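S.K.: Turn this into a model:
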Amino acid sequence: MMPAKILIIDDESVICQGCRLALSPPAYTVEYRLDGHGGLEALRSGDFDLVLLDMKLPDMEGMEILKIIRREQPDTSVIVMTGYFTVQNAVEAMKSGAVDYLTKPFTDDSILLSVERALEKRRLIEENRFLRKELFDRYSFDQIVGESPAIQEVFNKIKKVAPEDTTVLLCGESGTGKELFARAIHTHSRRAARQFVAVDCSTLSPSLLESELFGHVKGAFTGAAEDKTGIFEAANDGTLFLDDIANLSMEIQAKLLRVLETCEYKPVGASRIKKTNIRIVAATNRDLKAMTKEGAFREDLFYRINVFPVFLPPLRERKEDIPGLAYHFLRHFSKKTGKKLDGFADDAMETLVNYSWPGNIRQLKNVIERLVIMADNPVVDSLDLLEARPMKSTLKEDAVPNTLDELKECKEQVLKENYLHTEKAFLLKALKQSEGNISHAAEKVGMQRSNFSALLKKHHLTGNTSKE
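M.R.: Below is the predicted model of the structure:
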């Protein structure tokens, strides 16, 4: 561990020598200057962790030097020293950025304690800064794999909403990365330095979830032996991610609505109202609007959380992202297991791209992890995919074809299934861009209206589909 570099600026040589003796190697390396200008010159040419600064110098006021240090080198800690102690001086020095205040004469123990505290505080600040940068890098948009237009649209929306305090509703099938995007929203928000708390609304009973969110007081129910702090209090000023929000009971929905509208809540069994300042990011894989019509979800809560909806497309609708995701997970799990895998054979990648991925990115990640564990060769081929159970359904009778004709039939079947998805997406996109006008849609894509209408009939689509 490198010794901490300390600069002493004091016009009394005996003080400088005494501090130098007290702060001996190997823990510290110490330099000193006897005037303010000399001290600033040394500070600008060196890389000091801490400055011990006298408030009364022959050429400059210590307070002036302190302000220069805070302006030019804000990461350098400063302990001020003076023989003229007043509370007002101490307060002014601390407001100007000093981390501690020593009154002369001081003992070796007192200066050692002050220096240790100052360096520990600096270490914690640097560690926190490093962790925040690491978190930011981990959940930056550059780390989320995807180049397709569909996912780029998601990036654009989240970049716009992240700095605001707006409630966000992430909609999409299971496995599309809703929590990853929720964390990205938090990381790019003004709340990034505070907590991000994720709650899966489908894993806890209504009573336990209520206590988890709002906390409870002692004696509120059987087993409540002491007060419990809820998430709304513990994560105050941070972000709360409510996954599977559709599973909330009607009672908790009502209480959540009150929090969103008034920023107030009551712990279970409490009589006193508490305040919270928390941002909500919710997620669902169900149609909440349809649930409101069925009476399974509060309509007022739906409109309150649906302020900024973001739809995360399923993987089958962004197939051009599959190769990038596959290689991303291959590198990740190769590093994790210590294996050296070069990539995928063309037939293996074709199979991965053409598979429908009902479990989306989560399923792809699990399949790649299994492939890496089972791989005996540096290149993953189609035979390796047979060992990945979710992929077996893409091959006829869960087995390798025995003849060339069977191989061709298998390939045709896989391509046919994939083509139907693409064909339907093509029709929906054309209808949407033409606002449901079939004639305009057919003309735009270069088809006869009759042929376009036949395709719509094949997929049970109408011009009104784009408006749903």
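
S.K.: Only C-alpha atoms from now on, for both contacts and neighbour counts.
M.R.: Will do.

S.K.: all strands of this protein, in order?
M.R.: With DSSP state E applied, the chain shows strands at 4-9, 28-33, 50-54, 77-82, 100-103, 168-171, 196-200, 239-243, 264-265, 274-275, 279-284, 308-311, 343-344, 379-380, listed in chain order.

S.K.: The second one: which residues count as buried?
M.R.: In this case it means strand 28-33. If you call a residue buried by 16 or more other CA atoms under 10 Å, then strand 28-33 has these buried ones: 29-33.

S.K.: do the same with the fourth one
M.R.: Neighbour-count burial for strand 77-82 flags 77-82 (criterion: 16+ other CA under 10 Å).

S.K.: tell me what it is packed against?
M.R.: strand 50-54, strand 100-103, helix 108-138 (3 or more CA pairs under 8 Å, 6 or more residues apart in numbering; DSSP states H and E).

S.K.: mind showing which ranges of the protein have poor pLDDT?
M.R.: Residue ranges of the chain with pLDDT under 70: 1, 85-87, 128-143, 386-401, 411-421, 465-468.

S.K.: So what are the structural domains in it, by residue number?
M.R.: Here the chain is described, according to automatic domain parsing, as comprising the domains 4-134, 143-313, 316-394, 412-467.

S.K.: can you list those in a markdown table and add distance to Leu404?
M.R.: Listed next are the domains of the chain as a markdown table, based on distance: least, CA to CA, whole Å:
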| stretch | distance to Leu404 |
| --- | --- |
| domain 4-134 | 51 |
| domain 143-313 | 34 |
| domain 316-394 | 15 |
| domain 412-467 | 12 |
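
S.K.: Kindly indicate which of the buried residues of strand 77-82 lies nearest Phe48.
M.R.: When the buried residues of strand 77-82 are ranked by distance to Phe48 (CA to CA), Ser77 comes first, at 8.8 Å.

S.K.: and that closest one, what are its bridge partners?
M.R.: With DSSP bridges applied, Ser77 shows beta-bridge pairing to Leu50.

S.K.: so it makes contact with Leu50?
M.R.: Yes. Taking contact to mean CA atoms under 8 Å, the distance of 4.7 Å between Ser77 and Leu50 places them in contact.

S.K.: can you list residues touching both of these two?
M.R.: Residues touching both Ser77 and Leu50 by CA atoms under 8 Å, 6 or more residues apart in numbering: 118-119.

S.K.: burial measure for Ser434, as a count.
M.R.: Applying other CA atoms under 10 Å, we find 18 residues neighbouring Ser434.

S.K.: Dihedrals phi and psi, it?
M.R.: Ser434 adopts backbone torsions of phi -110, psi 10, taken as degrees, to the nearest 10.

S.K.: mind listing what it touches?
M.R.: 440-441.

S.K.: Tell me how far it lies from Ala441.
M.R.: As for Ser434, its distance to Ala441 is 5 Å (criterion: CA to CA, to the nearest Å).

S.K.: ok, now Val99?
M.R.: As it turns out, when the distance is counted by CA to CA, Val99 lies 68 Å from Ala441.

S.K.: just Asp376 next, same as before
M.R.: As judged by CA to CA, Asp376 and Ala441 stand 50 Å apart.

S.K.: Mind checking which of those two has more residues around it?
M.R.: Of the pair Asp376 and Ala441, Ala441 is the one with more neighbours under other CA under 10 Å, namely 24 against 12.

S.K.: Now do the same contact list for the residue nearest to Ala430 when sequence neighbours are not counted.
M.R.: By the measure of CA to CA, 6 or more residues apart in numbering, the closest residue to Ala430 outside its immediate chain neighbours is Ala441, 5.3 Å from it. For Ala441, the contact set (CA under 8 Å, 6+ apart) comprises 430-431, 433-434.
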